[in-house]
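Q: quick one: sequence and predicted model below, then my questions.
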Amino acid sequence: MIRTEQITAKALEKVGFDRYLLSAAVGKRAEEISKGAQPLIEADTKKMKYTDIALLEIAEGKIIVRHES
């Protein structure tokens, strides 16, 4: 299994190393999942935290995060 640090590093690359943007995106997506949205990756929502699922979705490129000006 991939370590959280490796997933986070990969997700940070996807958002241009903007930690604030990543944390906001993970929080928003985790909230969507908690309210019933289907994960875009193979994940057991009973075993994984919503934030971990959201982070993995971003790291794998399933969720595209863009900075809006």
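A: In hand now; what should we look at?

Q: and the pLDDT for Arg4?
A: I think there's a mix-up here, since residue 4 is Thr and not Arg. What the model reports as pLDDT for Thr4 is 87.

Q: how many neighbouring residues does the closest residue to it other than its chain neighbours have?
A: Spatially, and ignoring its direct neighbours in sequence, Thr4 is nearest to Asp52 (7.3 Å; Cβ to Cβ, 6 or more residues apart in numbering). Backbone N, C-alpha and C define where each C-beta goes, glycine included. Around Asp52 there are 15 other residues, counting by other Cβ atoms under 10 Å.

Q: could you double-check that Asp52 sits in contact with Ala11?
A: No - if you go by Cβ atoms under 8 Å, Asp52 and Ala11 don't touch, sitting 10.9 Å apart.

Q: need the pLDDT of the residue nearest to Thr4.
A: For Asp52, the model assigns a pLDDT of 94.

Q: where does it land in three-state SS?
A: helix (DSSP: H, G, I helix; E, B strand; the rest coil).

Q: one more: Lys62?
A: With three-state DSSP as the criterion, Lys62 was assigned coil.

Q: next, the residue nearest to it when sequence neighbours are not counted: phi, psi?
A: Nearest non-adjacent residue to Lys62, counting by Cβ to Cβ, 6+ apart: Leu40, 4.0 Å away. Main-chain torsions, Leu40, degrees, to the nearest 10: phi -90, psi 0.

Q: ok now do Leu12, which residues does it touch?
A: 18-19, 22 (Cβ atoms under 8 Å, 6 or more residues apart in numbering).

Q: now it: which helix or strand?
A: Assessed by DSSP states H and E, Leu12 sits inside helix 4-14.

Q: and for Arg66?
A: Counting by DSSP H and E, Arg66 is found in no helix or strand.

Q: from Ile58, how far off is it?
A: Distance from Arg66 to Ile58, counting by Cβ to Cβ, to the nearest Å: 12 Å.

Q: which one's more surrounded, the two?
A: Each of Arg66 and Ile58 has its neighbours counted (other Cβ under 10 Å); Ile58 has more, 25 against 9.
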